[in-house]
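1. build me a model:
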Amino acid sequence: MTNITAYSYAFAAAGYLLLGLPVLSGWRGRFQRGSLSAACLLSALWAAALAWDAVNDRLWTSLTGALEVLRDGAWSVFLVALLGHWQGENSRLPFGMRPSLFAAGCAYLALLAALVIGHWYNELLNTLGALPVVTSFACLAVYGMLLVEQVYRNKTIEERWAIKFACLGIGGMFAYDFYLYTNTMLFRDLNPELWNARGLINALTVPLLAASMARRKSWTTSVGVSRRVMFHSAALFGSAIYLLAMGSAGYYLRFFGGRWGTVMQAGFLFGAICLLLVILFSGTFRSWLKVSISKHFFTYNYDYREEWTRFTRTLSERGPNLGDRVIQAMAALVESPGGTLWQRDDGNRFEPRAHWQAPDTSMAEPHNSPFCQFMESTQWVIDIDEYVERPDKYEGLAVPQWLLDYPRRWLVVPLILHEKLFGFVVLQRARSPLKLNWEIIDLMEIAGSQAAGHLAQEDAANALMVARQFESFNRMSTFVVHDLKNLVAQLSLMNANAEKHKDNPEFQRDMLETLNHSVQKMKLLLQKLSRTENAEKPLPLAVEQVVRQAVALKNAFEPRPQLVVEVPGLKVMADRERLERVVGHLIQNAIEATPRDGHVMIRLGRRDVDNGAHAVEIEITDTGEGMSEEFIRERLFKPFDSTKSAGMGIGVFESREYITELGGMLEVSSKPALGTTFKVVLPLYHEPAPALIS
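-> Residues are numbered from 1 along each chain as shown. Below you'll find the model as predicted:
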């Protein structure tokens, strides 16, 4: 085993020496060259010392332990150099170091001093025992892994391409040390196989470092640590320290517990892990940790890019309940657990619109109350607790009693839109103590303005939707009135001819048929007016029947329309009532534009269209007054523009809209004094082929 150990660590020493000398002499990463070369050379010296101990039948000495501390410290310094934030602002510590780095450096020096002293006074280590030393080395490994994580997280995509192999190698080295020492703590003995493989594991990191160095000549980027990275790193570091402490306590329980030692250790460790999970999932603890990190490690309280992205994303989510999302987004900025939103209604009061993780309330506030007037004039964020303690700071403010009695009330954030108070949000007291300063107040004011914009946009969209519904209803009503006008015209004509033809049996039969059709049509019109939505669904329809019905209803007029069916049995997908109304209107227009001695012809046939397909064509031709091209282009299809004294100007517009809706088209050609031709072209419906039965 001694030869295996010596060869393993000698191999690692040779690898780090071959890597460190070129780095020291020629690598261009001037800002990290010193720390990287020192780490490589100290690693080579440490591995050579362990190989020498193995040759002399020694497993480990205080001197090799001190070299290991120097090696770990050198790699940590190199990782900190890669991070690019060695110094802290306004730091009075030596070299302007950050407090966290200064504390880590002191820990390294203390452990190094203990090992050096223990080398000369072996009884010191015998008194302390091996467990504190092993635990210290495990902590050094945890710190190294945290530094590797921060280096990789804070690099851009391009820089990660260059640095990933170095992070993999150094992180793997620290991870293996952590596994080795925690295994020793658990089983109270050093595993010789793990110890022998350690040299080879360290040697395998050399090509990873070399590959990373070849990818980039210099890793000189000054990168700031994000709050999220700091939060996760602090949680991970605290969890590791906690587990190490609990593991040590469990070890002593097992050692001194006698027969119950194993049971006590297992129960204690299970309870410790459960407590850790409860703490990590606690909203109050997470809030306290975020506030503490922002207070002690950063100049500003917020990472504005991250906070504003999250705030905007929350407000812009799809779906209803925008009021709840407004409260949630604003509460997240100050670690508040919930709140309530008041918004101005159509009258003169601010009504509660939404509440999120807060008790419901029905209390309203008049818009002209001193409380609302104060918020609108000053646009201040009001701290209710501060108002109760120092009312003189809010001169002219009168907080209503219902708000003072509101559970856990804390901040009142005005929602200002165009210098007017659009609403306000009452947030509950934060989970952890948060001192309000100018930065937080300014952020809440801006967030309130943006939230007011989103709420106003939603109200405008809802109002527009209602207006569109009314517009749709009014449009349908206009079409219905137009149809009623045509029915009235038919009944008036029939009434005018009744005195002359009342004894004619054929006229009586036509009159009864026309009356019955008019009654049925008016019933359908009333049903449409009573429905909020048009539920008509196109169905396969025989076009010839529809056209014959439309022509029959116009037989009482002169000139009487003539129908020619060239291809019988044609079908289209349409609503019978609406298609008949379209054809009837076009025939009625042709009759009204043609003198009594003129002609109105309706032709029903088939038309070839693109790609070999077929369509149904209804052609309505008259010999009337005709229209100019300018009139067709500018006025014919314009709604509410009519040349008739009693016309409404929507008949042709409605006809084209419905034909287009069916996938067809309405063509028109006309010449003044010669007549007009309308062509209704609709897709031909084909019966589906019957399924074959196998």
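2. make it CA atoms for all contacts and neighbour counts henceforth
-> OK.
3. so where's the stretch 351-500 of the chain uncertain?
-> 466, 469-483, 485-486, 490, 493 (pLDDT under 70).
4. that should have said the stretch 551-694 of the chain, apologies.
-> Scanning the stretch 551-694 of the chain for pLDDT under 70 picks out the ranges 611, 640-650, 689-694.
5. what ranges does it have for its strands?
-> Per DSSP state E, counting those that start in this stretch, the stretch 551-694 of the chain carries strands over the ranges 562-565, 571-574, 600-608, 614-622, 665-671, 675-683.
6. now do the chain
-> Per DSSP state E, the chain carries strands over the ranges 339-344, 349-356, 365-366, 382-383, 409-417, 420-428, 539-542, 562-565, 571-574, 600-608, 614-622, 665-671, 675-683.
7. contacting residues around the first one?
-> The one in question is strand 339-344. For strand 339-344, contacts defined as Cα atoms under 8 Å, 6 or more residues apart in numbering pick out 323-324, 327-328, 331, 350-358, 360, 364, 367, 422-428.
8. ok so, going back, for Val412, which of the strands of the stretch 551-694 of the chain is the nearest?
-> strand 571-574 (58.7 Å; Cα to Cα).
9. excluding chain neighbours, what is closest to Arg578?
-> Nearest non-adjacent residue to Arg578, counting by Cα to Cα, 6 or more residues apart in numbering: Tyr658, 8.0 Å away.
10. neighbours of the one you found, how many?
-> 18 (other Cα atoms under 10 Å).
11. adding mean neighbour count and distance to Asp459, write the strands of the chain out as TSV.
-> Formatted as TSV, those follow (neighbours: other Cα atoms under 10 Å; distance: least, Cα to Cα, whole Å):
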stretch	mean neighbour count	distance to Asp459
strand 339-344	24	11
strand 349-356	21	12
strand 365-366	18	20
strand 382-383	19	26
strand 409-417	24	13
strand 420-428	24	11
strand 539-542	16	39
strand 562-565	15	54
strand 571-574	21	38
strand 600-608	19	50
strand 614-622	23	46
strand 665-671	16	38
strand 675-683	21	41
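12. now distance to Pro505 too, for these, in JSON lines please.
-> Shown next, in JSON lines, are those (distance: least, Cα to Cα, whole Å):
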{"stretch": "strand 339-344", "distance to Pro505": "70"}
{"stretch": "strand 349-356", "distance to Pro505": "70"}
{"stretch": "strand 365-366", "distance to Pro505": "75"}
{"stretch": "strand 382-383", "distance to Pro505": "88"}
{"stretch": "strand 409-417", "distance to Pro505": "75"}
{"stretch": "strand 420-428", "distance to Pro505": "73"}
{"stretch": "strand 539-542", "distance to Pro505": "30"}
{"stretch": "strand 562-565", "distance to Pro505": "22"}
{"stretch": "strand 571-574", "distance to Pro505": "35"}
{"stretch": "strand 600-608", "distance to Pro505": "26"}
{"stretch": "strand 614-622", "distance to Pro505": "30"}
{"stretch": "strand 665-671", "distance to Pro505": "39"}
{"stretch": "strand 675-683", "distance to Pro505": "35"}
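13. state the distance from the residue nearest to Arg578 to Leu491.
-> Distance, Tyr658 to Leu491, using Cα to Cα, to the nearest Å: 26 Å.
14. ok, Met627 - contacts?
-> 670-672, 675-676.
15. can you check Thr623 too?
-> Taking Cα under 8 Å, 6+ apart as the test, what Thr623 contacts is 594, 598-600, 673-676.
16. among those, which one sits closest to Lys638?
-> Checking the contacts of Thr623 against Lys638 by Cα to Cα gives Thr676 as the nearest, at 17.9 Å.
17. if I read this right, Tyr181 contacts Leu140, doesn't it?
-> No: in this structure, Tyr181 is not within contact of Leu140 by Cα atoms under 8 Å, at 10.5 Å.
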